[in-house]
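Visitor: Sequence plus predicted model, see below.
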Amino acid sequence: MPICRRTFLKASAAPALLAQTKPPASDRITIGLIGVGVRGRDHHLRKFLKNPRVQIAAICDVDSTHAAFAAQMAVDERSARPLVYSDFRALLDRRDIDAVVVSTPDHWHSIIAIQAMEAGKDLYCEKPLTLFIEEGRRMVQVARQYGTVVQVGSQQRSDWRFRRAVDLVRAGRIGRLNKITTHLGNPGTTKGAFIHPGEWESVQTPPAELDWNLWLGPAPYKDYSPNRCHFEFRYFLDHSGGRITDWGAHHNDIAQWALGMDSSGPVKIEGKGGFNKVGPYDYAGLMEVRYTYSNGVQVVCENEGGNGVRFHGADGWIFATRMTLEASSPEILQGPVAGADTRSYDERNRNEEIPGTDDHHNNWLDCIRTRNRCAADIETGHRSATVCHLGNIAMRLGRPLQWDPGKEQFLNDPAANILKGKPMRAPWSL
């Protein structure tokens, strides 16, 4: 009986693929990229073009300029020119594609990811995994149903600084853990000011290269203006959760990991946020959200204090960023940690533009071969995104909320539970 390519991928962990020598095309993992704006192009495409374990067969973007530029990048890297699509469904119909990378705006993640998994593709999905809590649970269910290998783009889980910090905290190097502060960064504003109000722009005819209706997809219809799409989608709650889901999906993910809460979450949420009143951007620019976990530890998510994760213990503190790992005393960081993966502590990714990227991509490729769960599995990504969404809901409602992480429901609060999801614009649905 002939063995199909997907069966081969599931059964094989060929040593040649684990080395950095280029294997024959028949042994490489064939990838399609959906969404090749800045993130999909300069982060994923650029990295994968240099990775000998994969071949890029297809590129999809609703902006033909983005797609053409990305396809030319492949040619410039002396690779075959990938086929270009404007509709992700046509790419997913390709039977030769083993896996896809989804780097679209957040409001598209769940639909594309679920259809990719149903089409038999393994999945790398950018963070935050979801726009709403309810989407995440459905995505986990589909992944488990089809046995999909999913890596969420929380690459700090593959950065030695954050891995080391988590192991040290769990090993008790700072004594009993009392609090974790996730600092999301505050770019040059004074406390109390709104970071990005944006500027009102008159509506325009969408540029010819952009399929605006398909870009909006399941989001509510809005007339086109340049500062609503591409990079600036992050500032609109129709398309993203703002800074708390952008950077929060990284740093709150590390907090969840350190607490051993990858399959759970907080039980109480209190939040206050500065929502814009003078411009089009409607996310919470400045924020302070306080999460309480069942073990009594609090996680405080805020703009102030740089950009990183600070662990506060009875005997000291540890602060991890993408550039540094610091502690209240040097001894805290020294010496081995029993049971830890010391391979995580070398500095092979110190010079990466985005630390941890190569390890995170290769961890996904390893797991496609072995069918193991990835460093940032889909359940993990769903739970970390949920923490961020809980903060947004608490800030919007302006009152303390009680959360049952097992049932994934707010307690005795129908108004809050309504905000776990939102109807999609027809004809799109999960």
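Guide: Received the coordinates, thanks.

Visitor: CA atoms for contacts and neighbours, from now on please.
Guide: Noted.

Visitor: Show me the helices in the stretch 151-300 of the chain, by range?
Guide: Taking DSSP state H, counting those that start in this stretch, the helices of the stretch 151-300 of the chain run over residues 160-170, 212-216, 243-246, 248-258.

Visitor: Which strands or helices does the first one pack on?
Guide: So that's helix 160-170. helix 248-258, strand 316-320, strand 325-327 (3 or more CA pairs under 8 Å, 6 or more residues apart in numbering; DSSP states H and E).

Visitor: which residues sit against it?
Guide: Where contact means CA atoms under 8 Å, 6 or more residues apart in numbering, the residues beyond helix 160-170 that reach it are 156-157, 174-175, 177, 254, 257-258, 311, 318-322, 324-325, 332-333, 337, 340, 344-347, 356.

Visitor: And the lowest mean pLDDT element among the helices and strands of this structure?
Guide: helix 15-18 (a mean of 38; mean pLDDT, DSSP states H and E).

Visitor: on that earlier part again, what subset of the contacts of helix 160-170 is buried?
Guide: Neighbour-count burial (16 or more other CA atoms under 10 Å) applied to the contacts of helix 160-170 gives 156-157, 174-175, 177, 254, 257-258, 311, 318-322, 325, 332-333, 337, 344-345, 356.

Visitor: Helix, strand or coil: sort out Val101 for me.
Guide: strand (DSSP: H, G, I helix; E, B strand; the rest coil).

Visitor: what's the longest helix in the protein?
Guide: Counting residues, the longest helix in the chain under DSSP state H turns out to be helix 378-397.

Visitor: next SSE after the least confident helix or strand of the chain?
Guide: Per DSSP states H and E, the first helix or strand lying C-terminal to helix 15-18 is strand 29-34.

Visitor: For that next one, name the packing helices and strands.
Guide: Going by 3+ CA pairs under 8 Å, 6+ apart, strand 29-34 lies up against strand 54-60, strand 99-102.

Visitor: Okay, now the sheet partners of it, with direction.
Guide: Strand 29-34 has the following sheet partners, assigned by DSSP bridges: strand 54-60 (parallel), strand 99-102 (parallel).

Visitor: And these: which comes nearest Pro226?
Guide: Among these, strand 54-60 comes nearest to Pro226, with 20.6 Å by CA to CA.

Visitor: tell me the contacts of the residue nearest to His251 when sequence neighbours are not counted?
Guide: Among residues not flanking His251 along the chain, Thr182 sits closest, at 5.7 Å (CA to CA, 6 or more residues apart in numbering). Neighbour list for Thr182: 248, 251-252, 255, 299-302, 307-310 [criterion: CA under 8 Å, 6+ apart].

Visitor: Check those and tell me the two furthest apart.
Guide: Val299 and Asn307 (14.9 Å).

Visitor: if we can go back for a sec, can you list the helices and strands packed on strand 29-34 in JSON lines and add distance to Asp223 and mean neighbour count?
Guide: Below are the helices and strands packed on strand 29-34 laid out as JSON lines (distance: least, CA to CA, whole Å; neighbours: other CA atoms under 10 Å):
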{"stretch": "strand 54-60", "distance to Asp223": "23", "mean neighbour count": "24"}
{"stretch": "strand 99-102", "distance to Asp223": "25", "mean neighbour count": "27"}
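
Visitor: Relative to Ala116, which of those is closest?
Guide: Going by CA to CA, the one of those nearest Ala116 is strand 99-102, 7.4 Å.
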